[in-house]
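> All I have is the shape, not the residue letters:
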């Protein structure tokens, strides 16, 4: 699906589709409109749970599965020669070298069962396995999941529900740049992630920082692909509802030794470190 087609469909939905009357996460109403995009898409804020979202939230069957087949969300080689090259250099200088982060996970977890929620084609899972983790991924794109299973030998499932029904538990649950995409599924995702996390387990979530101090410029983060915007307040207020104590950091450089902060002008991320008790 080309980006311009997505944008056109979204604009048509924004004109024709009824607006949500309540927050997609906590269902509090009415929403507070804090801005607009293209003069017809509302940027809403929930004064109860502190979530920002686009109203309407784009709906299209198999949208993210199709989108992942392009490079719109996460650039991936998706050819075997590129993967062999990355493996030869252990992902060095590729933007996908997570050794420093995995050392931090190893030092801060008492177990080795690792879940990567939104694992794409498994580049993080493969590196986690080399660090001794028993790593599992969840990925909605069948094409990327199959590519990872075939070329990296990693375990990737299509959704988290199978893990829940089987009662499988993890010492670490990790999700990087996924939550901002999931739209109305935000309502149940934290209860699902918490349900597969062991007691005293570690959950680490990474999302773009929806920093309203940047003014209207921040609205560029949101749209059909990124319908949700997160602040520190969202996580500190809501994570305790799932038995999670949350610490919010403005980038991995605050917690991971040797991790380089993003350059000036790049969008900052929130890194939420949660402990289940």
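Cool, got the structure. Note that the structure is predicted; figures quoted are calculated from it, not measured.

> switch to C-alpha atoms for all contacts and neighbour counts from now on
Will do.

> And whichever helix or strand residue 162 is part of, what's buried?
Using DSSP states H and E, residue 162 maps to helix 161-166. By neighbour count with 16 or more other Cα atoms under 10 Å, helix 161-166 contains the buried residues residue 163.

> Just after that helix, pick out the following helix or strand.
Where DSSP H and E defines the elements, the next helix or strand beyond helix 161-166 is strand 170-176.

> For that following strand, name the packing helices and strands.
Judged by 3 or more Cα pairs under 8 Å, 6 or more residues apart in numbering; DSSP states H and E, the packing partners of strand 170-176 are strand 113-117, strand 197-208.

> quick one: strands adjacent to the shortest one?
Okay, so that is strand 113-117. Looking at strand 113-117 with DSSP bridges, its partner strands are strand 134-138 (parallel), strand 170-176 (parallel).

> so how far is the longest one off the chain centroid?
In terms of Cα atoms, centre = their mean, to the nearest Å, the centre of strand 170-176 is found 11 Å from the chain centre.

> same question, the shortest one
In this view, strand 134-138 has its centroid 15 Å away from the chain centroid, taken as Cα atoms, centre = their mean.

> can you check stretch 15-31 too?
On Cα atoms, centre = their mean, the centre of stretch 15-31 falls 22 Å from that of its chain.

> Any chance you could list what contacts that stretch?
40, 44-49, 51, 55-56, 183-184, 186-188 (Cα atoms under 8 Å, 6 or more residues apart in numbering).

> Whichever of the residues you listed end up buried, select them in PyMOL.
Of the contacts of stretch 15-31, the buried ones go into a single PyMOL selection, burial set by 16+ other Cα under 10 Å:
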select buried, resi 44+45+46+49+51+55+56+183+184+186
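
> Which of the contacts of stretch 15-31 fall within strands?
If you go by DSSP state E, those have 44-45, 55 in strands.

> hang on, the earlier thing: turn the strands paired with strand 113-117 into a markdown table, columns for distance to residue 119 and mean pLDDT.
Formatted as a markdown table, those follow (distance: least, Cα to Cα, whole Å; pLDDT from 0 to 100):
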| stretch | distance to residue 119 | mean pLDDT |
| --- | --- | --- |
| strand 134-138 | 5 | 98 |
| strand 170-176 | 8 | 98 |
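
> Where does pLDDT dip in the chain?
1-7, 10-11, 14, 16, 60-78, 263-267 (pLDDT under 70).

> what ranges do the strands span in it?
Using DSSP E, strands in the chain cover 32-37, 41-45, 52-55, 113-117, 134-138, 155-157, 170-176, 197-208, 228-229, 244-249, 269-276.

> Redo these as a markdown table? Include distance to residue 255.
A markdown table is the format used below for those (distance: least, Cα to Cα, whole Å):
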| stretch | distance to residue 255 |
| --- | --- |
| strand 32-37 | 33 |
| strand 41-45 | 29 |
| strand 52-55 | 26 |
| strand 113-117 | 19 |
| strand 134-138 | 22 |
| strand 155-157 | 28 |
| strand 170-176 | 15 |
| strand 197-208 | 11 |
| strand 228-229 | 23 |
| strand 244-249 | 8 |
| strand 269-276 | 9 |
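
> Determine which of these approaches residue 90 most closely.
strand 134-138 (17.4 Å; Cα to Cα).

> in that closest one, what's buried?
Using 16+ other Cα under 10 Å as the test for burial, strand 134-138 gives 134-138.

> Now flag whichever of those is closest to residue 100.
Nearest to residue 100, judged by Cα to Cα, of the buried residues of strand 134-138 is residue 135 at 17.0 Å.

> In this structure that closest one contacts residue 117, no?
No: look at residue 135 against residue 117 with Cα atoms under 8 Å: they stay out of range, at 10.8 Å.

> most centrally placed residue in this protein?
Note on the chain: the residue nearest the mean C-alpha position is residue 178, at 1.7 Å, using Cα atoms, centre = their mean.

> Since that was my last question, I'll sign off now.
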